[in-house]
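Enquirer: please find the sequence and the predicted model below.
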Amino acid sequence: MTLNERDLLWKERIESFESSGLNGAQWCRSQEIPVKQFRYWHKKLRRRAAAQTQEPKRNRWTAVSR
């Protein structure tokens with residue numbers, strides 16, 4: 001499985017979790033997925049989505065006088 005395929009698999013799993021109405025532990029038990037692995041991927045994909053929606057940082061210079 002390539003990295004891209006793994007990312008897609010976990011994105012689909014997270015979407016399934018979010019639409020399930022279950023909490024994380026319940027969903028993981030029903031899918032036979034370790035909670036620790038689920039939390040890792042959930043956090044990773046949330047951070048990636050947040051980084052993609054933010055504007056790129058710009059250098060801003062401020063005049064300084066002595």
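Expert: Alright, I've got the coordinates. Numbering: from 1, shown residues only.
Enquirer: centroid-wise, who is the farthest residue in the protein?
Expert: Most distant from the centre of the chain: Arg66, at 46.0 Å, with distances by C-alpha atoms, centre = their mean.
Enquirer: read off the pLDDT value for it.
Expert: pLDDT, Arg66: 82.
Enquirer: ok, the residue most central in space within the chain to Phe17 distance?
Expert: Nearest to the mean C-alpha position of the chain, by C-alpha atoms, centre = their mean, lies Leu45 at 1.7 Å. As judged by C-beta to C-beta, to the nearest Å, Leu45 and Phe17 stand 11 Å apart. Every residue, glycine included, has its C-beta placed from N, CA and C.
Enquirer: again with Asn23
Expert: Asn23 sits 9 Å away from Phe17, going by C-beta to C-beta.
Enquirer: the closest residue to Trp10 other than its chain neighbours - how many residues pack around it?
Expert: Using C-beta to C-beta, 6 or more residues apart in numbering and skipping the chain neighbours, the partner closest in space to Trp10 is Trp41 (4.3 Å). Applying other C-beta atoms under 10 Å, we find 17 residues neighbouring Trp41.
Enquirer: ok, Ile33 next?
Expert: Ile33, neighbours per other C-beta under 10 Å, totals 16.
Enquirer: again, but for the one 3 residues further on
Expert: Burial measure for Lys36: 8 neighbouring residues, criterion other C-beta under 10 Å.
Enquirer: element containing it?
Expert: In this structure, Lys36 sits in helix 35-53 according to DSSP states H and E.
Enquirer: so which bits of that helix are buried?
Expert: By neighbour count with 16 or more other C-beta atoms under 10 Å, helix 35-53 contains the buried residues Phe38, Trp41, His42, Leu45.
Enquirer: and for stretch 11-29?
Expert: Neighbour-count burial for stretch 11-29 flags Arg13, Ile14, Phe17, Trp27, Cys28 (criterion: 16+ other C-beta under 10 Å).
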